[in-house]
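Engineer: Sequence and predicted structure are below.
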Amino acid sequence: MPSPRKALLDAMGKTLQGITKQAGFLTDAGVGWTLEPGPGDQDTEAVLTAVIEKQQRATDQAKVNTHRLTTVSVMAKVPADTEKYQEALDDLISDIEAALDNSATARNYPPSHQVPVYVGMEPLLPEKAGAGWVGVLMTYQSHIPKK
């Protein structure tokens, strides 16, 4: 049986992999899903990953002894023309929010896990103009069981 953190990342991965134009999204970010991004990923069309950032005491008093509030960062990168960075960024953010806010994807999560809740977003723009991509770091939180 996987750890609660692994189960959370697996469920988020199953959800985020569905982000494709064929499925009605604005980008194909889901095709780049990986839990282990590497240096070669800079040359791929899209990269999408999720990383456990921290855990802390549950904020729901009823879950203090059984769950931990877990913060997850979702990082994504998609190709973008220099003139359309903002449009590509907006599309990417919209796709991730739509996928993770979709009540139909709640079935991807174990019953003991809270569906992740949006916390914030930061754009990730290339340092070098004309790099051909735009990215985002989005933060979500979920109450997951201790064991």
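Structural biologist: That came in fine, so what should we check first?
Engineer: Look up the pLDDT of residue 42 for me, please.
Structural biologist: For residue 42, the model assigns a pLDDT of 57.
Engineer: swap in the one 3 residues further on?
Structural biologist: You'll see residue 45 listed with a pLDDT of 78.
Engineer: List the contacts of it.
Structural biologist: 28, 31-32, 78-79 (C-beta atoms under 8 Å, 6 or more residues apart in numbering). Every C-beta, even on glycine, is put in place using the N, C-alpha and C of the backbone.
Engineer: Likewise for residue 28?
Structural biologist: Contacts of residue 28 by C-beta under 8 Å, 6+ apart are 19-21, 45-46, 78.
Engineer: distance of it from residue 117?
Structural biologist: 26 Å (C-beta to C-beta, to the nearest Å).
Engineer: Residue 33 too?
Structural biologist: With C-beta to C-beta as the criterion, residue 33 and residue 117 are 21 Å apart.
Engineer: returning to what we had before: which of the contacts of residue 45 lies closest to residue 124?
Structural biologist: Here the nearest of these to residue 124, counting by C-beta to C-beta, is residue 78; it sits at 10.8 Å.
Engineer: thinking again about what came up before, of all pairs in the contacts of residue 45, which one is the farthest apart?
Structural biologist: 31 and 79 (11.7 Å).
Engineer: More neighbours: the two, which one.
Structural biologist: residue 31 (17 against 14; other C-beta atoms under 10 Å).
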